[in-house]
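>>> Pasting a predicted model and its sequence here:
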Amino acid sequence: MKRYRNGEIWDFEHEMPVMGSSNEVILGLDGGTTSTVCICMPLLPVSDPLPDPLPVLAKAVAGCSNHNSVGEAAARETLEQVMADALAKSGSHRSAVRAVCLAVSGVNHPTDQQRIVNWLRELFPSYVRLYVQNDAVAALASGTLGKLHGCVLIAGTGTIAYGFTEDGREARAAGAGPILGDWGSGYGIAAQALTAIIRAYDGRGPETNLTSSILEKLGLSSPDELIGWTYADPSWARIAALVPVVVSCAEAGDEVANKILFESVQELALSVKAVVERLHLCGEDGKDSFPLVMVGGVLEAKKRWDIGKEVMNCISKEYPGAFPIRPKVEPAVGAALLARNCYMKEFCKEL
């Protein structure tokens with residue numbers, strides 16, 4: 001067993017009685033580039049309607065679990081710790097778990113999924129069903145309450161569009177990380193703003209109020225200092241945190257900031273359109289209805305410059321049947337509901 005600063009991570013189990021079948025639980029994990037959330041819920045019968053509110057036994061939060069960002073060892077440590085914390089808070093342990101759905105960013109290929117499943121199998125009893133997905137799948141399930149159908153658009157620190165058909169076909173667009181062009185993401189918007197400041201300072205681009213606003217936000221006195229600030233810690237979330245400043249400048253009429261946001265809207269809409277077309281979610285005539293789950297800080301309507309609304313306006317022009325869903329539960333709950341639905345389907349087949 002791995003050691004952590006506070007001792008053995010699963011030591012709490014030795015102090016608990018073995019749980020009975022009436023205490024069966026499921027775990028849902030949402031692991032992004034900023035944080036990782038684990039939800040522990042009771043295993044709800046599939047025959048019963050979902051209660052409102054959903055019964056969450058415990059929630060635990062930890063740091064980044066994207067192996068592309070922090071490395072595989074650190075990612076696994078974070079995931080193991082957050083699962084143990086959730087079970088400890090709920091008064092449960094691994095013998096009570098029936099299914100785990102781990103939805104984490106950086107899962108981009110079946111080999112990623114299998115590697116993580118193999119690692120999870122070392123942690124849980126053999127009867128526990130294990131499901132590994134990209135974190136976008138949990139976000140979709142949070143809007144559809146565990147049903148995999150439709151499209152999800154995530155625009156937070158990073159961005160991805162992911163979709164499923166009723167018969168299980170899936171497709172994705174974007175989500176390749178900032179180096180390969182997650183334009184429309186928080187990182188993409190803020191990075192373009194920083195670039196615009198340097199271009200203006202050099203005389204290669206137009207003057208912009210982004211310069212004074214971002215320098216003030218960061219406590220810097222000159223655009224020259226941006227270089228040191230940026231490369232001292234070029235983490236994705238740290239850069240993306242500047243998005244509110246870009247939005248404020250756009251609302252104040254800055255042309256450069258407005259151009260960045262308009263182009264970001266187009267990029268986000270293109271990601272959704274790519275998924276919709278590949279899966280034919282809109283039907284033959286382009287008018288079939290399908291859910292479009294919208295998740296992430298970039299899409300939240302907090303100001304007059306509403307990026308999410310503008311994205312939806314672009315999409316509705318081509319796909320009038322798309323209906324937006326703003327989830328009422330967080331993605332980790334969606335992952336837990338997905339674990340429950342998958343587990344129950346497999347359980348019923350075995351009867």
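Perfect, I can see it now. Residues are numbered from 1 along each chain as shown.

>>> What segments of this protein are helices?
Assigned by DSSP state H, the helices in the chain fall at 67-70, 72-90, 110-123, 135-144, 186-202, 210-218, 224-232, 236-240, 243-251, 255-279, 307-318, 331-350.

>>> can you give me the mean pLDDT across the fourth one?
Here the mean pLDDT over helix 135-144 is 93, rounded to a whole number.

>>> Touching that helix from outside, list them.
Under the contact criterion CB atoms under 8 Å, 6 or more residues apart in numbering, helix 135-144 has outside partners 28-32, 101, 103-105, 107, 147-148, 150-152, 154, 160-164, 172, 175, 291, 293-295, 325-327, 329-335, 337-338. Heads up, the C-betas are built off the backbone N, CA and C, glycines and all.

>>> Let me have the helices of the chain in JSON lines, adding mean neighbour count and distance to A96 as columns.
Formatted as JSON lines, the helices of the chain follow (neighbours: other CB atoms under 10 Å; distance: least, CB to CB, whole Å):
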{"stretch": "helix 67-70", "mean neighbour count": "18", "distance to A96": "28"}
{"stretch": "helix 72-90", "mean neighbour count": "20", "distance to A96": "8"}
{"stretch": "helix 110-123", "mean neighbour count": "14", "distance to A96": "14"}
{"stretch": "helix 135-144", "mean neighbour count": "28", "distance to A96": "22"}
{"stretch": "helix 186-202", "mean neighbour count": "21", "distance to A96": "37"}
{"stretch": "helix 210-218", "mean neighbour count": "17", "distance to A96": "47"}
{"stretch": "helix 224-232", "mean neighbour count": "12", "distance to A96": "45"}
{"stretch": "helix 236-240", "mean neighbour count": "21", "distance to A96": "34"}
{"stretch": "helix 243-251", "mean neighbour count": "21", "distance to A96": "41"}
{"stretch": "helix 255-279", "mean neighbour count": "21", "distance to A96": "37"}
{"stretch": "helix 307-318", "mean neighbour count": "18", "distance to A96": "39"}
{"stretch": "helix 331-350", "mean neighbour count": "21", "distance to A96": "13"}
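
>>> need those in CSV with distance to K59, can you?
Formatted as CSV, the helices of the chain follow (distance: least, CB to CB, whole Å):
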stretch, distance to K59
helix 67-70, 22
helix 72-90, 7
helix 110-123, 19
helix 135-144, 14
helix 186-202, 24
helix 210-218, 31
helix 224-232, 33
helix 236-240, 20
helix 243-251, 26
helix 255-279, 29
helix 307-318, 25
helix 331-350, 7
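
>>> Figure out which of the ones you listed is closest to F12.
helix 72-90 (4.5 Å; CB to CB).

>>> Tell me the helices and strands packed up against that closest one.
strand 25-31, strand 36-42, strand 58-62, helix 67-70, strand 97-104, helix 110-123 (3 or more CB pairs under 8 Å, 6 or more residues apart in numbering; DSSP states H and E).

>>> quick one on the thing from earlier: would you list the buried entries among the contacts of helix 135-144?
28-32, 101, 103-105, 107, 147-148, 150-152, 154, 160-164, 172, 175, 291, 293-295, 325, 327, 329-335, 337-338 (16 or more other CB atoms under 10 Å).

>>> List just the one of the helices and strands packed on helix 72-90 that sits closest to S213.
helix 67-70 (27.7 Å).

>>> Can you name the residues in contact with the closest one?
Under CB under 8 Å, 6+ apart, the answer for helix 67-70 is 33, 63-64, 75-76, 78, 105-106, 177, 235-236.

>>> Closest one of the residues you listed to D285?
S105 (34.9 Å).

>>> Point out where the stretch 1-150 of the chain drops to low pLDDT.
1-7, 17-22 (pLDDT under 70).

>>> The same query, at a cut-off of 80, please.
1-8, 15-22, 32-34, 46-48, 68-69, 106, 108 (pLDDT under 80).

>>> Would you check that L54 makes contact with M41?
Yes: contact criterion CB atoms under 8 Å: L54 and M41 qualify, at 6.9 Å.

>>> More neighbours: those two, which one.
Between L54 and M41, counting by other CB atoms under 10 Å, M41 is the more crowded of the two (23 against 16).
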